[in-house]
Structures are given as structure tokens and as C-alpha cells.
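*Asks:* Can you look at this prediction? I've put the sequence above it.
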Amino acid sequence: MNEDIASYLGFTLDQLKAELQSGKSLATIATEHGKSETDLVNFIVTKEKAFLDTALKNGKITQDQYNKLLSNLEARVKEMVEKVHPVKNPKP
């Protein structure tokens, strides 16, 4: 999923990781690069829903599991997008 997010934001995966490691949330990164938090959340929710749809279709999860995962998907994604990652200091 991180590669999809990086691509959506116009980054390489390494660039996205560097932005996150600098202490920014995905929401902040998105808005700094012309995307809204809402659009990013919708993008991730759409990708995750497609993944869940495939898992259900292929019997990897039950309908009950699918319903539970889908019921709070947007809230979980929003929380993830707003989470600030701790700054990683390079070793001296």
C-alpha cells in the first residue's frame, strides 16, 4: 500500500519514507503537495476496499469478517493518515 500512496502523491517510496521519518503525517505530506487529506483518505479506502472485495471473493475472509473490516475502514484510514511518525535521527 505504501507504494500506491507514494505514487498517488507523486513520490518514490524512498521519498515518502523520508518525509514520514522527518516527523510528518501523511495528511501533512499530502496537503504540502497539493492533495487534500480527504482525497488521500478516499484513495486509500478505495484501494483497501478493493483488496477486501478480492479477499472475500477468493474465500480468504468470511462475509462477517468483511463486514467488520469495512464498517470502520474509513475511521481507521483517517487515523492512520493523521498519525505523526516519530522523527528518526541519523546515527552519528
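*Replies:* Arrived safely.
*Asks:* Show me which parts of the longest helix anywhere in the chain are buried, residue by residue.
*Replies:* Longest among the helix segments of the chain by residue count, using DSSP state H, is helix 37-57. Of all the residues in helix 37-57, those buried under the rule 16 or more other CB atoms under 10 Å are 37, 40-41, 43-45, 48, 52, 56. The C-beta positions use only the backbone N, C-alpha and C, and glycine is treated the same way.
*Asks:* can you give me the mean pLDDT across that helix?
*Replies:* Average pLDDT, helix 37-57: 97.
*Asks:* C-alpha coordinates for it, PDB please?
*Replies:* Output in PDB follows, covering the C-alpha atoms of helix 37-57 (Å, rounded to 0.1, in the frame of the first residue of the first chain):
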ATOM      1  CA  GLU A  37      -6.400  14.800   3.400                       C
ATOM      2  CA  THR A  38     -10.000  13.800   2.300                       C
ATOM      3  CA  ASP A  39      -8.800  12.800  -1.200                       C
ATOM      4  CA  LEU A  40      -5.900  10.800   0.300                       C
ATOM      5  CA  VAL A  41      -8.300   9.000   2.700                       C
ATOM      6  CA  ASN A  42     -10.700   8.300  -0.100                       C
ATOM      7  CA  PHE A  43      -7.900   6.900  -2.300                       C
ATOM      8  CA  ILE A  44      -6.700   4.600   0.500                       C
ATOM      9  CA  VAL A  45     -10.200   3.500   1.400                       C
ATOM     10  CA  THR A  46     -10.900   2.600  -2.300                       C
ATOM     11  CA  LYS A  47      -7.700   0.600  -2.500                       C
ATOM     12  CA  GLU A  48      -8.400  -1.200   0.800                       C
ATOM     13  CA  LYS A  49     -12.000  -2.000  -0.200                       C
ATOM     14  CA  ALA A  50     -10.900  -3.500  -3.500                       C
ATOM     15  CA  PHE A  51      -8.400  -5.600  -1.500                       C
ATOM     16  CA  LEU A  52     -11.200  -6.800   0.900                       C
ATOM     17  CA  ASP A  53     -13.500  -7.400  -2.000                       C
ATOM     18  CA  THR A  54     -10.900  -9.700  -3.600                       C
ATOM     19  CA  ALA A  55     -10.200 -11.400  -0.300                       C
ATOM     20  CA  LEU A  56     -13.900 -12.100   0.200                       C
ATOM     21  CA  LYS A  57     -14.400 -13.300  -3.400                       C
END
